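Enquirer: Provided below are the primary sequence and the corresponding predicted coordinates.
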Amino acid sequence: DTGVSQDPRHKITKRGQNVTFRCDPISEHNRLYWYRQTLGQGPEFLTYFQNEAQLEKSRLLSDRFSAERPKGSFSTLEIQRTEQGDSAMYLCASSPDNGGPQHFGDGTRLSIL
Amino acid sequence: QQQVKQSPQSLIVQKGGISIINCAYENTAFDYFPWYQQFPGKGPALLIAIRPDVSEKKEGRFTISFNKSAKQFSLHIMDSQPGDSATYFCAATPISGYSTLTFGKGTMLLVSP
């Protein structure tokens, strides 16, 4: 399968714990995006990488959130000191450098107890 | 501030009927308008997209109509089938950057047999 891959698919954790999600984009795609989707809403942009450079961050991305893409391939999104409001689906998407549509993974569903 | 407004929130259509979903945008910098289809537990999948240099684009049973002066666009699903039952999202982005997508809140479509 050559689509966008996300791991884990589901994560249940207690409030205050740290969590990390991984995204593997489509191999030839240089651009990588993170979105958050809550129930009944459309995805909301969090951050965007071109290769290893993080080019844009949303105001939704508080100081507890950090994203990396160390070698311009896979990316990780870490949430520190999780809060109830962090419960959501975290979606990763990728697109080619020459301007092409974004293709999404199936997301990581985070549940905070 | 919601930059892409989508309606209706939910829609029930009989098999063989036409499903129509509408979106309106505010940001005149938006220049690329994709529609995504999302099934439960899955990420959004690109369905069809349009640029404002054309007023209509058709792919199979799916048609986008675009009205640049009104800043509105719509998705028409002809001969709707039960397998089309899903949540549909319109989105918009400035084409120059192919950067972040701004999504509508989604329309839950149910096609009754």
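Expert: Received the coordinates, thanks.

Enquirer: tell me who's in contact with the closest residue to chain A within chain B.
Expert: Nearest residue of chain B to chain A, counting by CB to the nearest CB: residue B:103, 3.1 Å away. Bear in mind the C-beta positions are built from the backbone N, C-alpha and C, glycine included. When contacts are counted by CB atoms under 8 Å, 6 or more residues apart in numbering or on different chains, residue B:103 is found next to A:42, A:43, A:44, B:4, B:36, B:89, B:90, B:91.

Enquirer: which one of those sits closest to residue B:112?
Expert: Using CB to CB, residue B:89 comes nearest to residue B:112 of the contacts of residue B:103, at 21.7 Å.

Enquirer: where does pLDDT dip in the chain?
Expert: As the question left the chain open, I've gone with chain A. A:1, A:99 (pLDDT under 70).

Enquirer: actually, chain B is the one I wanted.
Expert: Filtered on pLDDT under 70, chain B yields the residue ranges B:1-2, B:95-98.

Enquirer: at which residues are the strands of it located?
Expert: B:4-7, B:10-14, B:19-25, B:33-38, B:45-50, B:56-59, B:62-67, B:72-77, B:86-92, B:102-103, B:107-112 (DSSP state E).

Enquirer: spell out which residues of chain B are next to chain A.
Expert: B:4, B:6, B:34, B:36, B:41-46, B:49, B:89, B:91, B:95, B:98-106 (CB under 8 Å from any CB of the partner chain).
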